[in-house]
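A.B. asks: Need a 3D model of the following:
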Amino acid sequence: MKPDLRHKARNRLDERLLPLKPTDRFKAPPKGWIRAVRDALGMTGVQFAKRLGVSPQSVDALEKSEATGSIKLESLRRAAEALDCTLVYALVPNNSLEGTVRDRARRIALRDLGRVAHTMKLEAQGTGDADLEARIGAYIRDALKDRDLWDQP
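C.D. replies: Below is the predicted model of the structure:
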């Protein structure tokens, strides 16, 4: 994918995911969403088990696996359907995707330019910090590509 298309794709995803913030609104209840919805509906474990076509013991294991975070997405989807719910699954970035890429590029540029500045100081050719932002912008524009940002941790 070309850089401009990636930029547009990041912006589109950022716009779509914005309504999901702040994410703390979606923090699962202590016993999990399945149990919370089932209890709110007044549905017993035995009734839920029948709807799922499993044993009551399996319902208990299912609810515990959700509460501990080890549930499979397919199991969660089936449980949601049995509760007449829709499973909504999303990865919501802590920062905007565009901001993440911009911050990562800046960090790499500062690291790489710092190496060059150190070498130039050793050779008595140091540059001042006055044009640092311009050099960072030029380095990101001319030397860094999106795919290069994630080669290192």
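
A.B. asks: And the helix or strand of the chain with the lowest mean pLDDT, what's buried?
C.D. replies: The weakest-scoring helix or strand in the chain, judged by mean pLDDT, DSSP states H and E, is helix 97-122 (a mean of 79). Residues of helix 97-122 classed as buried: 97, 101, 105-106, 108-109, 113, 117 (neighbour count, 16 or more other Cβ atoms under 10 Å). For glycine as for every other residue, the C-beta is placed from the backbone atoms N, C-alpha and C.

A.B. asks: Residues touching stretch 41-61, excluding its own?
C.D. replies: The contact list for stretch 41-61 (Cβ atoms under 8 Å, 6 or more residues apart in numbering) reads 38, 62, 78-79, 82-83.

A.B. asks: try 7 Å
C.D. replies: With contacts defined as Cβ atoms under 7 Å, 6 or more residues apart in numbering, stretch 41-61 is touched by 38, 78-79, 82-83.

A.B. asks: buried ones in it?
C.D. replies: Buried residues in stretch 41-61, counted by 16+ other Cβ under 10 Å: 43, 45, 48-49, 51-52, 54, 59.

A.B. asks: So which of those are in helices?
C.D. replies: Among those, the ones falling in helices (DSSP state H) are 45, 48-49, 51-52, 59.

A.B. asks: got those as TSV, with distance to Asp151 and pLDDT columns?
C.D. replies: Shown next, in TSV, are these (distance: Cβ to Cβ, whole Å; pLDDT from 0 to 100):
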residue	distance to Asp151	pLDDT
Gly45	50	97
Phe48	48	98
Ala49	49	98
Arg51	49	97
Leu52	45	97
Val59	46	97
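
A.B. asks: For Ala90, state which of those residues is nearest.
C.D. replies: Comparing these against Ala90 with Cβ to Cβ places Leu52 closest, at 24.3 Å.

A.B. asks: ok, back up a step: can you name the two of the contacts of stretch 41-61 that sit furthest apart?
C.D. replies: Largest separation among the contacts of stretch 41-61 by Cβ to Cβ: Arg38 and Arg78, giving 13.5 Å.

A.B. asks: Out of those two, name the residue with the larger neighbour count.
C.D. replies: Higher neighbour count among Arg38 and Arg78: Arg38, with 22 against 17, using other Cβ atoms under 10 Å.
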